[in-house]
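> Using only what follows, build the 3D model:
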Amino acid sequence: MSLGAGDRARQPNFVIIFTDDQGYGDLGCFGSKTIRSPRLDKLATEGTRFTSFYAQPVCGPSRSALLTGRYPIRSMGWSMPASEITFAELLKKVGYTTGCVGKWDVSNRRPIIERMPNSQGFDYYWGTLGANDNGSVRFHHNNEPAGDSRDMAGLTKLYTDKGIEFLRANKDKPFLLYLAHTMMHSVIDATGKFKGKSTGGLYGDVVEELDFHTGRLLDAIDELGLRSNTVVIFTSDNGPWNNFQESLRPKHKGAIAWGSSGPLREGKGSSWEGGVRVPCIVRWPGHVPAGRTSDAIFSTLDIMPTFATLAGYDVPTDRTIDGVDQTAMLTGKSDTGTRDNFYYFCGDSLHGVRKGKWKLLLANRVYCYRYVKDRGTGGIELYDLESDVSEKKNVAEQHPGIVAELEELARAFRFPPKNAPGGKGKKQ
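Residues are numbered from 1 along each chain as shown. As a prediction, this is how the structure comes out:
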């Protein structure tokens, strides 16, 4: 799609703030009683809070889904190939400057040049290619090594500083900033100003520090005169690691180092709501209604096709795109949006599907992640998420017609070659 100068002047900027292992219940505006998040709570009053927003169950798969608009069974998660097309590549074609700061995690945590950010559409990159599971990170500036650190407490400020530098350098042209935090993954820490200050343990301290630095980023957007034309999206990659406490507690000298799913069942790695339903806030003054709460089904998969409408690029037609354009729902012109279903995967195994208020979990589900404790009955399970968001009452026997309809929807999923429902649970 070719844009003239007038069209480019109307293109919004995009800022995506993507946290790690942050649970549905880990912000004040999503019900936390132990974590203070005044800046994100304020962002929610300035925009729309989405309460049925879906990521993927773990880190790498969630990132490839976000970047490409394709379920990880297609976009390959940690192993995302160079042939995948990201929204950054598409934005560049219509005049955007693109920056990525923080955790990449889709090049198998290795410096494979053709799969690193500069080769996947980002003009600028500063961050770590993988996770911090051993308490350290190695940085890259674009394609070059840029040192390492064991200071986990300093990462949130460091990434935010780099993000603000990018905003200042590119304020006069359309831009995308994808800021992917390492916190609150695996080995977490807070600086002295925040440590011990929350009532949510060390984890709460880290979230409160992240809230503070997110506020700094939002302040920079205001100071640069960018607020009115910048779409800000805040969300997380998956649910909290509250099912891995036996490993996380010793790493943190007994401190609480995991988040809360709030009213949702289970956490990271699972296909229960607590594994994939995450907090999401979107602000775009004058376009996204302020002070609204939407329970419409929305997903990271939808970001790429929605940006297409807002920025003026064409969605790829040579591959399956699982995301849908949610512009009407974002801007308040539709209450329900254009997505009425969502598929729940664990690796390459399809676990279930949601349509409207109904969620079906399939029989004989194969789990990839050993830390997931709650694996359900192993049989068919049906939940009414409108009245039972905690998935406590299996109503499959009472609604055989709904079960049959959703089983057919599961069978209708277009698997890539060599994959089929009920696979071996291979990780992407």
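> Can you give me the buried ones in the longest helix seen in the chain?
In the chain, assigned by DSSP state H, the helix with the most residues is helix 201-223. By neighbour count on 16 or more other C-beta atoms under 10 Å, the buried set for helix 201-223 is 201-215, 217-218, 220-221. No exception for glycine: its C-beta is placed from N, CA and C like everyone else's.
> Quick check: next helix or strand after the lowest-mean-pLDDT helix or strand in the chain?
The helix or strand with the lowest mean pLDDT-type score in the chain, counting by mean pLDDT, DSSP states H and E, is helix 5-10 (a mean of 57). Helices and strands here follow DSSP states H and E; after helix 5-10, the next one along the chain is strand 13-19.
> tell me the angle that next one makes with helix 201-223.
Inter-element angle recorded for strand 13-19 and helix 201-223: 170 degrees (by axes from the mean of the first three to the mean of the last three C-alpha atoms, to 10 degrees).
> May I have the strands that pair with strand 13-19, each with its orientation?
Using DSSP bridges, the strands paired with strand 13-19 are strand 175-180 (parallel), strand 230-236 (parallel).
> Surely residue 382 forms part of a helix?
No. If the criterion is DSSP: H, G, I helix; E, B strand; the rest coil, then residue 382 is strand and not within a helix.
> returning to that earlier point: can you convert the strands paired with strand 13-19 into CSV and add a column each for mean neighbour count?
Formatted as CSV, these follow (neighbours: other C-beta atoms under 10 Å):
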stretch, mean neighbour count
strand 175-180, 26
strand 230-236, 24
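> Adding distance to residue 344 and mean pLDDT, write those strands out as CSV.
Listed next are these as CSV, based on distance: least, C-beta to C-beta, whole Å; pLDDT from 0 to 100:
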stretch, distance to residue 344, mean pLDDT
strand 175-180, 23, 99
strand 230-236, 17, 98
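> To residue 354, which of the ones you listed lies closest?
Using C-beta to C-beta as the measure, strand 230-236 is the one of the strands paired with strand 13-19 that comes nearest residue 354, at 17.9 Å.
> Now the helix or strand following the closest one: buried residues?
Sequence order places helix 245-251 as the next helix or strand after strand 230-236, per DSSP H and E. Of all the residues in helix 245-251, those buried under the rule 16+ other C-beta under 10 Å are residue 248.
> ditto for stretch 397-416
402, 403, 406, 407, 409, 410, 413.
> got a list of what residue 204 touches?
For residue 204, the contact set (C-beta atoms under 8 Å, 6 or more residues apart in numbering) comprises 34, 35, 198, 256.
> hmm, I was thinking of residue 68
Contacts of residue 68 by C-beta under 8 Å, 6+ apart are 74, 75, 80, 84, 85, 86, 87, 304.
> can you count the residues close to the closest residue to residue 186 other than its chain neighbours?
Once flanking residues are discounted, residue 186 sits nearest to residue 133: 4.8 Å by C-beta to C-beta, 6 or more residues apart in numbering. Residues near residue 133, counting by other C-beta atoms under 10 Å, number 13.
> Check the one 4 residues further on too.
As a burial measure, the neighbour count of residue 137 was computed by other C-beta under 10 Å and equals 24.
> and it, bridged to which residues?
As for beta bridges, residue 137 partners with residue 149 under DSSP bridges.
> Is it correct that it is in contact with residue 182?
Yes. Using C-beta atoms under 8 Å, residue 137 is in contact with residue 182, at 6.5 Å.
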